[in-house]
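Undergrad: fold the following.
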Amino acid sequence: MKPTRFISILLAAWILCLTSLLAQDQPKASGAPPTSGLRADLLKQCNEVEKKFVDLAQAMPQEKYTWRPEEGVRSVSEVYMHVVGANFFIPRSAGVNPPEGLSRDMEKTVTEKAKVVEMLKKSFDHLRQAVLSKSDADLDSPAKLFGQETTVRDVFLTTVTHMHEHLGQSIAYARMNGVVPPWTAAEQAPRPEAPKK
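TA: Numbering: from 1, shown residues only. Here you go, the predicted model:
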């Protein structure tokens, strides 16, 4: 065999091996967000709830972040940070670890409005990436959540229902403090009259 042919075969084999290794490092799901199915629905819910949480957190004055309806109940910032913690830690049951350096007591220690809003955004980004890291077939995989046997699908559904639960709580907190949710305020704003002909 000629040396140039041997080198060509060796190079082709090396390229095939490298391509195979790179393909193994890719996430299980395709890079493009799904347009239908449960993962698409989860991502839609995630985006909608994130917008409402972030808008509401920005509308609440900093001095109201320590407000709580009564002793022993979460404050405004604690509710927001509770959602942050869930968005980061619940997907661990689906095999998606939270970023390094997160504190389990952040619900009690992160109270500054700007930091809370930043953490909300990061946690929703993490949750979206967790959903995207799984394929539709992965949703049927077994998982363990709060000590119970379940599926990856249920892990993500639990995260979404949890977000909605605490969004409702946050809306009530805002209203009790005289803050109209921004999306409601936008709907109630007077609309300019059409010019008369």
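
Undergrad: any idea which helix or strand comes after the longest helix along the chain?
TA: In the chain, taking DSSP state H as the definition, the longest helix is helix 152-176. Next along the chain after helix 152-176, taking DSSP states H and E as the criterion, comes helix 182-188.

Undergrad: which neighbouring elements make contact with that following helix?
TA: Under the contact criterion of 3 or more Cβ pairs under 8 Å, 6 or more residues apart in numbering; DSSP states H and E, helix 182-188 touches helix 38-59. Yep, even glycine has a C-beta here, placed from its N, CA and C like the rest.

Undergrad: how does it look with 10 Å?
TA: helix 38-59, helix 152-176 (3 or more Cβ pairs under 10 Å, 6 or more residues apart in numbering; DSSP states H and E).

Undergrad: isn't Gly85 right next to Thr109, touching?
TA: No. The criterion here is Cβ atoms under 10 Å, and Gly85 misses it with Thr109 at 11.4 Å.

Undergrad: contacting residues around the residue lying closest to Phe53 once chain neighbours are set aside?
TA: Sequence neighbours aside, Leu120 is the residue nearest to Phe53 in space, at 5.5 Å (criterion: Cβ to Cβ, 6 or more residues apart in numbering). Counting by Cβ atoms under 10 Å, 6 or more residues apart in numbering, Leu120 makes contact with 50, 53-54, 56-58, 80-81, 83-84, 87.

Undergrad: return the distance of the closest residue to Thr159 other than its chain neighbours relative to His162.
TA: Using Cβ to Cβ, 6+ apart and skipping residues adjacent in sequence, the residue nearest Thr159 is Ile90, 4.8 Å away. When distance is defined by Cβ to Cβ, to the nearest Å, Ile90 is 7 Å away from His162.
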